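> sequence? don't have it. structure:
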């Protein structure tokens, strides 16, 4: 059954209810504020599992690859050198992320608008685009 989710918190709630379907035997630790989000029992061994909407969020959140054994995501947009499992039972309908590359001189001009958190920056750009599109229609 396909479910719609809008956040990693919802993803974690879904995972707690469905981990056995994914081959895990038991939840040993759960704390989505710390990487890995879950320590699971899988094939009789401990397995560190990180949940991410986009696989690239693992890097955005500055997690350590050595702390996880597997990454579960809804959208695999990069390879990370660890097993990545895409959860096809879930459809993500939360905020979309905009990836943007700009010239260094342009960046210097606008860096005061860029926040340390790339998600905040992406949302700001999305708002600018929406405002620009409204202006184009007038």
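Right, received. Where do you want to start? Please read all numbers here as calculations on a predicted model, not as lab measurements.
> mind giving me the domain ranges of this structure?
Domain ranges of the chain: 3-92, 104-137, per automatic domain parsing.
> could you identify which of those is most buried?
Among the domains of the chain, the stretch with the highest mean neighbour count (mean count of other C-beta atoms under 10 Å) is domain 3-92, at a mean of 15. For the C-beta atoms, the positions are set from N, CA and C on the backbone; glycine is no exception.
> returning to what we had before: I'd like the domains of the chain laid out as CSV, including mean pLDDT.
Shown next, in CSV, are the domains of the chain (pLDDT from 0 to 100):
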stretch, mean pLDDT
domain 3-92, 94
domain 104-137, 66
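> helices or strands next to the helix or strand hosting residue 85 in the packing?
Using DSSP states H and E, residue 85 falls within strand 84-86. Contact analysis of strand 84-86 by 3 or more C-beta pairs under 8 Å, 6 or more residues apart in numbering; DSSP states H and E lists strand 70-75 as its packing neighbours.
> list the pairing partners of the strand it packs on within its sheet, with orientation.
Here strand 70-75 is paired, per DSSP bridges, with strand 45-54 (parallel), strand 84-86 (parallel).
> tell me how far the last one lies from the chain's centre.
Between the centre of strand 84-86 and the centre of its host chain there is 12 Å, according to C-alpha atoms, centre = their mean, to the nearest Å.
> contact partners of the following helix or strand past that strand?
Following strand 84-86 in sequence order, the next helix or strand is strand 90-92 (DSSP H and E). Strand 90-92 is contacted from outside by 2, 3, 4, 5, 6, 11, 14, 53, 74, 75, using C-beta atoms under 8 Å, 6 or more residues apart in numbering.
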